[in-house]
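1. A structural model of the following input is requested.
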Amino acid sequence: MQETEAIVEHYEKNGNSVHWPPRDTDQNDETGLRICRDNAKAIANADVVAVVWDGKSQGCLFDLGIAFALQKCIIPISLPEQTDGKSFQSMISAWAKEADYV
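-> Purely as a prediction, here's the structure:
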């Protein structure tokens, strides 16, 4: 979490507007539905979506699905180790390369 916080601070210091869900989305939600809707709105308003995924967070995969459906450009900052063949991390890396951000 501290590493991600440092990344967020770096982007903000360079004049970027950052929506960081642990900080910017109210996490007090009995079912998670409002959290998903709030994050979807933030993604819809974003020019680019930066990704920090530990390989376990299903919320991150949900957010990536929203970004994919909205055809957003992404910047993978941290992903699990690459695999051979089909995997989410392979797909995310290929998606990012399409936008020439990596």
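2. helices along this structure, start to end?
-> For the chain, applying DSSP state H gives helices covering 2-13, 21-24, 33-45, 58-69, 88-98.
3. same list (these) but as a markdown table, adding mean pLDDT, distance to residue 77 and mean neighbour count.
-> The C-beta positions use only the backbone N, C-alpha and C, and glycine is treated the same way. Listed next are the helices of the chain as a markdown table, based on pLDDT from 0 to 100; distance: least, CB to CB, whole Å; neighbours: other CB atoms under 10 Å:
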| stretch | mean pLDDT | distance to residue 77 | mean neighbour count |
| --- | --- | --- | --- |
| helix 2-13 | 89 | 6 | 12 |
| helix 21-24 | 92 | 14 | 12 |
| helix 33-45 | 97 | 16 | 15 |
| helix 58-69 | 94 | 11 | 16 |
| helix 88-98 | 88 | 10 | 15 |
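4. for residue 78, which of these is the nearest?
-> helix 2-13 (7.6 Å; CB to CB).
5. the closest one packs against which elements?
-> Where contact means 3 or more CB pairs under 8 Å, 6 or more residues apart in numbering; DSSP states H and E, helix 2-13 is packed against strand 48-52, strand 73-78.
6. what pLDDT does the residue nearest in space to the middle of the chain get?
-> By CA atoms, centre = their mean, the chain has its centre lying nearest to residue 51, at 3.4 Å. pLDDT, residue 51: 88.
7. I appreciate the help and will end here.
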